[in-house]
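> I would like to see how this sequence folds:
(one chain, ligands or ions: 2)
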Amino acid sequence: MIVVLSRGISSHDKEMICAFLRERGFTLREQSLGDDEIIGAAGKAASDIQELALLPGVERVAATSKPFELASRETKNDDSIVTVGPVKIGGSRISIIAGPCAVESREQILETAERVRESGAVILRGGAFKPRTSPYAFQGLGMKGLEYMKAAGEALSMPIVTEVVSPERADQMKDLTDMFQIGARNMQNFELLKKVGALGKPVLLKRGPSATIEEWLLSAEYLLASGTRDVVLCERGIRTFETYTRNTLDISAIPVIKRLSHLPVIVDPSHAVGIRGMVSAAGLAAIAAGADGLTVEVHPEPDAALSDGPQSLYPSQFERLMRDIEALAPVVGKELLRTPHTTIPSCSGPDSRFPGAAEPPEGNLPLSGRIAFSGESGAYAEQALMRAFGEDAPRLACPSFSRLFDAVLDGSAGFGVVPVENSLAGSIHENYDLFLRYPDIAMVGELKLRIVHCLIAHETASLDTIRVVRSHSQGFVQCKDFLDKYPWRLEPCYNTAAAVASILKESASDRPAIAAIAGEAAARAHGLTVLKEGIETNPLNYTRFVIIARRNNGDAAPVPPSMGSGRSDKASLVFSVPDKPGSLVACLKIMSDREINMIKLESRPIQGQPWRYLFYVDVSLPKTGGEFNAALEELKTKTEDFHFLGAYRGAL
Ligand code: PEP
Ligand code: MN
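Ligands and ions are numbered 1, 2, ... in the order given. Below is the predicted model of the structure:
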């Protein structure tokens, strides 16, 4: 049984709770679970939970039916987010760990680190102590290998994870690694679990080749009970009768873990299948099944690897896998967490070639740490914000898009998250217009969010009682086929989550007649019920959000850390052309002559100027910035009204 204590509980109240439990024969341990302080009460004694829950200082009592109490979702319903240095694992992000099976030399680990980081891996892996099946196989470089790895991690600003094989080594390794890995063979080495758990560092716990999910979670329980709060589970294939692959990837373990536990779960497709050509397929399947990330073996020269070469990806294969994960992520409602952009001499430096383009965040952070979005709690824009900046990012809810732009301009928010286009309903002109009105605001990042609309109502409502449906007008357009089946009156609101909130402002007798179309998060945020999920006409329904920031003195704007990996590869422009034959062709030719690929061209009427049009253009940036800058200069001479909205790293 777990007793979660109220924040700021007095020592007297805590003592009373402990006395209550001890008198009833429980043995107690005090510890933390996430941000909560808890008392774990073990033993066969019975207690009147209702009486216990009434004691001052008791936030709640969780009497779980599972033997793994701390790891159980019954004890903690929210997904745990594990922090490894600057990297977070869990929640709505996908975090990728990559590196060689074993550290083989200073050069090998550094080169691998550079390659995997370039592709977007956020944590560097590598074994210094290798538990090998044969005593004659390469056993790892030991502490020397760990030192090489630490140096590579520091050089590339990547936290590192490495396997610890014995309790005796753990102390020695503690200051050199950011995360301990407990290998599959040691999953039930309880002395090792207790020792490593007590060091309080994040732990990556692999599943034993023959361990049941419950045994695996009990091993996680050892770690949590010993003191660490940061445990990530790793499915790496189990032993079955099948011999074609090295192990059998237990894909179903992912949804099972998600149901049973709040801990993040990642997958190691390399050890699961053991065959290079199949690693990426298994990794993508894991992401599709809901894994919070992967750990992947990558080697610059797999054929020369001292261990696990046949399953190690070439860096180019890893790059391809990362791109595929990025494309898949929105389908499962997640965002690929990229390497935070820090200045690395050997990688891309500040991308100041383009006005408003990528600059590393150091020394150039915006005034406020807050991120602005338009709408109320549970809005899609808030989901996008959390994807880009993390669940706990401080945020500023704005009542309109123009107030959002104002907030970024006056510095009360460092960044803003703005929807610009939906894959079903098209461009959101209102926001394009704002970019023209606010020339000091630049686009600095992009992400795509899959939009799954729900019909949301009060618990007293049903499909039969509804008369009115509220949503943003885009919500109505995207759910047209569903709405056409009902005689409901549609009432547009400025934001989908605001439509949900408005239901609660109605009198109790009116509530059954009103519903809203919004995301499931909005229903949760306002305590309302989802009557029907997935009512959008086409499930391939994505909204493109851009991250905005203020240009510094009309110059470059800062880039959010999670969006700055690599160089900017996309830019957005808006312009009008003179009213004469060939003027648009002349503009397009400027780009085609320089082999600049145009990925969007849309025209729309200019307000107040009948039959005149603005063109929205998105382009892929060429590798050489000079080409693009020259194209921009030339475009300015051929257009009438020219706006450079920003250059950024595009989302797939
Ligand atoms: C490893 O990650 O290098 C490793 C040895 O994995 P496992 O413990 O899953 O076999
Ligand atoms: Mn390996």
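> now do the helices in the stretch 351-500 of the chain.
In the stretch 351-500 of the chain, the segments counted as helices under DSSP state H, counting those that start in this stretch are 380-389, 401-409, 429-437, 473-478, 480-483, 496-504.
> out of those, nearest to ligand 1?
With CB to the nearest ligand atom as the criterion, ligand 1 lies closest to helix 380-389 of the helices of the stretch 351-500 of the chain, at 28.2 Å. (C-beta placed from N, C-alpha, C; glycine too.)
> which neighbouring elements make contact with that closest one?
Applying 3 or more CB pairs under 8 Å, 6 or more residues apart in numbering; DSSP states H and E, we find helix 380-389 packed against strand 371-374, strand 395-398, strand 415-422, strand 441-450, helix 496-504, strand 542-550.
> looking at the protein, which residue is nearest ligand 2?
The nearest approach of the chain to ligand 2 comes at residue 101, 3.2 Å away (CB to the ion).
> list the contacts for that residue?
By CB atoms under 8 Å, 6 or more residues apart in numbering, the contact set of residue 101 is 126, 127, 130, 270, 297, 299, 305, 307, 308, 309, 311, 312.
> those residues in helices, which ones?
Assignment to helices by DSSP state H places the following of the contacts of residue 101 there: residue 270.
> near ligand 2, from the contacts of residue 101?
For ligand 2, the contacts drawn from the contacts of residue 101 by CB under 5 Å from the ion are residue 308.
> among the helices of the stretch 351-500 of the chain, which comes closest to residue 454?
Nearest to residue 454, of all the helices of the stretch 351-500 of the chain, is helix 496-504, at 9.3 Å by CB to CB.
> next helix or strand past the closest one?
Downstream of helix 496-504, the next assigned helix or strand under DSSP states H and E is strand 514-518.
> what separates that following strand from the chain centre, distance-wise?
In terms of CA atoms, centre = their mean, to the nearest Å, the centre of strand 514-518 is set 27 Å apart from its chain centre.
> could you list the paired strands of that strand along with their orientation?
strand 454-457 (antiparallel), strand 468-471 (parallel) (DSSP bridges).
> next, the buried residues of the last one.
Same thing as strand 468-471. Neighbour counts over strand 468-471 (16 or more other CB atoms under 10 Å) mark 469, 470, 471 as buried.
> thinking the second one is in contact with residue 499, fair?
Looking back up the chat, that one is residue 470. Yes - if you go by CB atoms under 8 Å, residue 470 and residue 499 touch, sitting 3.7 Å apart.
> joint contacts of these two?
Joint contacts of residue 470 and residue 499 (CB under 8 Å, 6+ apart) are 491, 493, 516, 517.
> now list the buried members of those residues.
Neighbour-count burial (16+ other CB under 10 Å) is assigned, among the shared contacts of residue 470 and residue 499, to 493, 516, 517.
> what's the first one sitting at in phi/psi?
Backbone dihedrals for residue 493, given as degrees, to the nearest 10, come out at phi -130, psi 170.
> that one - nearest residue in space that isn't next to it in sequence?
Excluding the flanking residues, the one nearest residue 493 by CB to CB, 6 or more residues apart in numbering is residue 499, at 4.1 Å.
> how about the contacts made by the one you found?
Counting by CB under 8 Å, 6+ apart, the residues that residue 499 touches are 470, 471, 472, 475, 491, 493, 516, 517, 518.
> quick check: the fourth one vs residue 45, distance?
So the one you mean is residue 475. As for residue 475, its distance to residue 45 is 53 Å (criterion: CB to CB, to the nearest Å).
> looking at the two, which one has more neighbours?
A side-by-side neighbour count of residue 475 and residue 45, using other CB atoms under 10 Å, places residue 475 first with 28 against 14.
> wait, doesn't that one sit right on residue 453?
Yes - contact criterion CB under 8 Å: residue 475 and residue 453 qualify, at 6.1 Å.
> apart from its neighbours in sequence, what residue is nearest whichever residue of the stretch 251-400 of the chain sits closest to ligand 1?
Going by CB to the nearest ligand atom, ligand 1 is nearest to residue 271 of the stretch 251-400 of the chain, at 4.4 Å. Distances taken as CB to CB, 6+ apart put residue 236 closest to residue 271, at 4.4 Å, once the chain neighbours are dropped.
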